[in-house]
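Participant: got a sequence here, can you model it:
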Amino acid sequence: MEFISKKKKLTFCNRNVEDAAGDEDGSIKPTQNAQLEGFIARLPNCANRDLIDAAAVDFCYMNNKNARNKLVKALLKVQRQRLDLLPYYARFIATLNVYFSDIGETIIAAVSSLMYCTRSFHLPSAFYVVDL
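Facilitator: Alright, predicted model coming up:
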């Protein structure tokens with residue numbers, strides 16, 4: 001089998017096939033962008049294992065580099081009041097990391113830099129001055 005990548009077209013077994021990932025510069029078609037935004041909006045409602053596993057499968061169908069970057073940004077912007085979602089997001093990331101290792105690497109790098117910055121710039125919460 002011969003696999004030759006061309007601009008916006010793929011030649012596979014002497015057949016031309018449209019590139020499902022979009023353009024080479026990482027842009028997303030408007031319909032794919034709308035699907036991705038809807039997917040990211042649905043993500044906080046996935047509050048059990050079955051729903052988060054189904055969401056991981058759904059994301060695999062809209063996968064490209066730009067979509068993965070938007071997903072990472074959305075996962076890092078989890079609301080601080082929704083700590084119940086963190087185990088499910090961790091399961092989601094672990095499931096996708098098997099196939100798309102850049103998602104896990106990016107999340108780990110962002111969280112560890114956030115933790116490092118928080119630790120290095122930590123100031124005492126209050127200074128008490130006692131007048132004698």
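
Participant: can we go C-alpha only for contacts and neighbour counts from here?
Facilitator: Fine.

Participant: go ahead and confirm Ala55 touches Pro44.
Facilitator: No - between Ala55 and Pro44 there is no contact under Cα atoms under 8 Å: 10.7 Å.

Participant: strands of this protein, residue ranges please.
Facilitator: Under the criterion DSSP state E, the chain carries strands at the ranges 3-6, 9-12, 15-18.

Participant: what's the mean pLDDT across the first one?
Facilitator: Mean per-residue pLDDT for strand 3-6: 39.

Participant: same check on the second one?
Facilitator: Rounded to a whole number, the mean pLDDT of strand 9-12 is 34.

Participant: and the top helix by length along the chain, what's buried?
Facilitator: Criterion DSSP state H: the longest helix present in the chain is helix 101-120. Neighbour counts using 16 or more other Cα atoms under 10 Å place Asp102, Ile103, Gly104, Ile107 of helix 101-120 among the buried residues.

Participant: and for stretch 39-51?
Facilitator: Buried, per 16+ other Cα under 10 Å, within stretch 39-51: Phe39, Ile40, Leu43, Pro44, Cys46.

Participant: residues near the residue lying closest to the fourth one once chain neighbours are set aside, how many?
Facilitator: Nearest residue to Pro44 in three dimensions, chain neighbours excluded: Leu85, at 7.1 Å (Cα to Cα, 6 or more residues apart in numbering). A count of nearby residues for Leu85, using other Cα atoms under 10 Å, gives 19.

Participant: still on that earlier bit, in TSV: the buried residues of helix 101-120, plus distance to Tyr116.
Facilitator: Shown next, in TSV, are the buried residues of helix 101-120 (distance: Cα to Cα, whole Å):
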residue	distance to Tyr116
Asp102	21
Ile103	20
Gly104	18
Ile107	14
